[in-house]
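K.L.:
Okay, here's the prediction I keep looking at, along with the sequence it came from:
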Amino acid sequence: AEAGRLERYWGNARRRTIYQGTDPEAGNPVICDFHADPAILFARQTGKFYLYPTTDGYEGWGGNSFKAFSSPDLVHWQDEGIILDLPSQVKWADRNAWAPCITEEKIGGKYKYFYYYTAAQKVGVAVADHPAGPFKDSGKPLIDRLPQGVSGGQNIDPDVFTDPVSGKSYLYWGNGFMAVAELSGDRLNIVPGSQRVITPSDGTFREGTCVIFRKGKYYFLWSEDDTRSENYRVRYGIADSPVGPIQIPESNLILAKDPEKGIYGTGHNSVIQVPGKDEWYIVYHRFKRPEGITMGEAAGYHREVCIDRMYFGKDGTILPVTPTLEGIRPVKVRNKSVYEK
């Protein structure tokens, strides 16, 4: 299938989407070419959304650089180019650039961006003054060994979360286990003695931790199964603390395949809240559509990034997400006062 441009109207809002595939009605995927493991950020400095995915399409997940994309509304995306190249910018790893995450912090009156990423099955961190870079690596891996008591799995898939209650920042990571540690004030090191394993108790955790906060509760989302499986999917739990313990709701599956739409392998998500609103979106990848389901193992590194609306029930549970082909309407952040602090 060839990448193309689609111009369409949705209500009164004109929408231009770059898409990959053959379906002229598709608004998902949101960016062209192959990308996966998307992290999402709203940057107060620029008033824009930023998307940070794995660069996909390489056999055996063999990519070695990261790109960023920016958008004013979660629909119109601009390619910001390569923001970190392992062979030329990272001295401790040159392969397997996977699953990044990012946080924006205001330190000494200036915005700083801390970009945590996987390289050669270790977790590193790079820093920039702008959400589109340039980023500079810290010079060493932040996580390079399994947590104490863990004998298997991989140190991959970092997620970073700053607790609005305490102001502390936490790093989560792991494949086969979920680990957490408090970050130091400079966000470049782990606080000694703070590392712990908090793997959800229902046996479904594989990888891809994502943590958000809403109305006094901490929500932990994760991916189940293997990214090469059509049944790769997202579950969640709830906690009263950013370090657990995680309580498992009775029905905690919130994102899964939809064979009738040709949607498979929906997982490794992040979540974004529209500033100043109780409005949430889930960002995830799926198999390349429509032929991904026929590609066997290769479907696991030919993935596309999608965005859909995520809702909460009145009791605080996350409602099942409907994966769509249409995607979402443009999001507007109208008042700078809701995020400029």
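P.N.:
It's in. Numbers count the residues shown, from 1 in each chain.

K.L.:
Every contact and neighbour count from this point should use C-alpha atoms.
P.N.:
Will do.

K.L.:
List the contacts of residue 92.
P.N.:
Shown in contact with residue 92 (Cα atoms under 8 Å, 6 or more residues apart in numbering): 139-141.

K.L.:
Report the buried members of the residues you listed.
P.N.:
140-141 (16 or more other Cα atoms under 10 Å).

K.L.:
I'd like the contacts of residue 92 as TSV, with distance to residue 131, secondary structure and pLDDT appended.
P.N.:
Converted to TSV, those look like this (distance: Cα to Cα, whole Å; DSSP: H, G, I helix; E, B strand; the rest coil; pLDDT from 0 to 100):
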residue	distance to residue 131	secondary structure	pLDDT
139	20	coil	97
140	21	coil	97
141	21	coil	97
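
K.L.:
Distance to residue 84 for the contacts of residue 92 - can I get that in a markdown table?
P.N.:
As requested, the contacts of residue 92 are arranged in a markdown table below (distance: Cα to Cα, whole Å):
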| residue | distance to residue 84 |
| --- | --- |
| 139 | 13 |
| 140 | 15 |
| 141 | 15 |
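
K.L.:
Among the contacts of residue 92, pick out the one closest to residue 30, please.
P.N.:
residue 141 (31.4 Å; Cα to Cα).

K.L.:
just checking, the closest one touches residue 125?
P.N.:
Yes - contact criterion Cα atoms under 8 Å: residue 141 and residue 125 qualify, at 7.3 Å.

K.L.:
Which strand residues bridge the spatially most central residue of the chain?
P.N.:
Closest residue to the average C-alpha location of the chain: residue 39 at 2.7 Å, with Cα atoms, centre = their mean. Beta bridges link residue 39 to residue 52, judged by DSSP bridges.

K.L.:
show me the contacts for it.
P.N.:
By Cα under 8 Å, 6+ apart, the contact set of residue 39 is 51-53, 99-102, 269-271, 283.

K.L.:
same question, residue 242
P.N.:
Taking Cα under 8 Å, 6+ apart as the test, what residue 242 contacts is 163, 170, 218.

K.L.:
so it, which of the three states?
P.N.:
coil (DSSP: H, G, I helix; E, B strand; the rest coil).

K.L.:
and which of the contacts of residue 92 is nearest to residue 307?
P.N.:
Relative to residue 307, the closest of the contacts of residue 92 is residue 141; by Cα to Cα it sits at 30.8 Å.

K.L.:
From residue 122, how far off is the closest one?
P.N.:
Distance, residue 141 to residue 122, by Cα to Cα, to the nearest Å: 6 Å.

K.L.:
cool, residue 308 as well?
P.N.:
For residue 308, the distance to residue 122 - Cα to Cα - is 30 Å.

K.L.:
Between these two, point out the one with more neighbours.
P.N.:
Taking neighbours as other Cα atoms under 10 Å, residue 308 and residue 122 compare with residue 122 leading, 25 against 21.

K.L.:
Skipping its backbone neighbours, what lies nearest the more buried one in space?
P.N.:
residue 144 (5.0 Å; Cα to Cα, 6 or more residues apart in numbering).

K.L.:
wait, isn't that neighbour in contact with residue 123?
P.N.:
Yes - when contacts are counted by Cα under 8 Å, residue 144 is listed as touching residue 123 (6.7 Å).

K.L.:
Specify which residue of the two has the higher count of neighbours.
P.N.:
Using other Cα under 10 Å, the more surrounded residue of residue 144 and residue 123 is residue 123, with 25 against 15.

K.L.:
element containing the more buried one?
P.N.:
Assigned by DSSP states H and E, residue 123 belongs to strand 122-128.

K.L.:
Alpha carbons of that strand, as CSV, please.
P.N.:
These are the backbone C-alpha positions of strand 122-128, laid out as CSV (Å, rounded to 0.1, in the frame of the first residue of the first chain):
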residue,chain,number,x,y,z
LYS,A,122,19.0,-0.9,28.8
VAL,A,123,17.3,2.3,29.7
GLY,A,124,19.0,5.7,29.1
VAL,A,125,18.1,9.3,29.5
ALA,A,126,18.7,12.3,27.2
VAL,A,127,17.9,16.0,28.0
ALA,A,128,16.8,19.0,25.9
